[in-house]
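> Below are the sequence and a predicted model for it; my questions follow.
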Amino acid sequence: MAKITQELIIETAETLIERTEKSEVTLSQIADELNITHAALYKHFKQTRTLGGCS
(Lines give C-alpha, C1' and ligand atoms only; values in the text may rest on other atoms or scores of the structure.)
Protein backbone atom coordinates (compact mmCIF):
# COMPACT_ATOMS: atom_id res chain seq x y z
CA MET A 1 0.00 0.00 0.00
CA ALA A 2 1.31 3.41 -0.95
CA LYS A 3 2.02 5.98 1.74
CA ILE A 4 -0.91 8.37 2.03
CA THR A 5 0.21 11.92 1.24
CA GLN A 6 -1.53 15.14 0.26
CA GLU A 7 -0.32 14.55 -3.28
CA LEU A 8 -1.81 11.04 -3.41
CA ILE A 9 -5.12 12.30 -2.00
CA ILE A 10 -5.30 15.06 -4.63
CA GLU A 11 -4.35 12.65 -7.44
CA THR A 12 -7.03 10.24 -6.24
CA ALA A 13 -9.63 13.02 -6.22
CA GLU A 14 -8.64 14.02 -9.75
CA THR A 15 -8.90 10.40 -10.90
CA LEU A 16 -12.38 10.11 -9.39
CA ILE A 17 -13.45 13.34 -11.08
CA GLU A 18 -12.26 12.02 -14.44
CA ARG A 19 -13.82 8.60 -13.90
CA THR A 20 -17.21 9.89 -12.76
CA GLU A 21 -17.20 12.87 -15.13
CA LYS A 22 -18.47 14.99 -12.23
CA SER A 23 -16.64 17.98 -10.84
CA GLU A 24 -17.45 17.03 -7.26
CA VAL A 25 -16.41 13.98 -5.28
CA THR A 26 -16.91 13.38 -1.59
CA LEU A 27 -14.27 12.81 1.04
CA SER A 28 -15.87 9.42 1.62
CA GLN A 29 -15.35 8.48 -2.03
CA ILE A 30 -11.69 9.49 -1.83
CA ALA A 31 -11.22 7.59 1.43
CA ASP A 32 -12.88 4.48 0.00
CA GLU A 33 -10.61 4.61 -3.04
CA LEU A 34 -7.55 4.83 -0.78
CA ASN A 35 -8.85 2.17 1.65
CA ILE A 36 -8.66 4.55 4.60
CA THR A 37 -11.26 6.12 6.85
CA HIS A 38 -12.92 9.40 6.07
CA ALA A 39 -11.45 10.80 9.31
CA ALA A 40 -7.92 9.81 8.27
CA LEU A 41 -8.06 12.36 5.45
CA TYR A 42 -8.32 15.21 7.94
CA LYS A 43 -4.81 14.70 9.32
CA HIS A 44 -3.36 15.60 5.91
CA PHE A 45 -5.10 18.98 5.60
CA LYS A 46 -5.38 21.76 8.18
CA GLN A 47 -8.79 22.74 6.82
CA THR A 48 -11.12 20.63 4.73
CA ARG A 49 -11.65 23.66 2.48
CA THR A 50 -7.97 23.29 1.52
CA LEU A 51 -8.70 20.02 -0.24
CA GLY A 52 -11.57 21.56 -2.16
CA GLY A 53 -9.32 24.29 -3.48
CA CYS A 54 -6.64 21.96 -4.81
CA SER A 55 -6.20 21.44 -8.50
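Nice, thanks for sending it over.

> going forward, measure contacts and count neighbours with C-alpha atoms only.
Noted.

> all helices for the protein, in order.
With DSSP state H as the criterion, the chain has helices at 6-20, 27-34, 38-42, 48-52.

> okay if I get these as a markdown table plus mean pLDDT and mean neighbour count?
Formatted as a markdown table, these follow (pLDDT from 0 to 100; neighbours: other Cα atoms under 10 Å):
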| stretch | mean pLDDT | mean neighbour count |
| --- | --- | --- |
| helix 6-20 | 94 | 15 |
| helix 27-34 | 94 | 16 |
| helix 38-42 | 87 | 14 |
| helix 48-52 | 57 | 13 |
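
> so how many other residues sit close to the residue nearest to Ile17 when sequence neighbours are not counted?
Counting by Cα to Cα, 6 or more residues apart in numbering, Ser23 is the residue found nearest to Ile17 once chain neighbours are left out, at 5.6 Å. Neighbour count of Ser23, defined by other Cα atoms under 10 Å: 10.

> list the contacts for His44?
If you count contacts by Cα atoms under 8 Å, 6 or more residues apart in numbering, His44 has them with Thr5, Gln6.

> and with 6 Å instead?
Residues near His44 by Cα atoms under 6 Å, 6 or more residues apart in numbering: Gln6.

> Can you pull the phi/psi pair for it?
Main-chain torsions, His44, degrees, to the nearest 10: phi -90, psi -10.

> Report pLDDT for it.
As predicted, His44 sits at a pLDDT of 82.

> can you check Ala2 too?
Looking at Ala2, its pLDDT reads 78.
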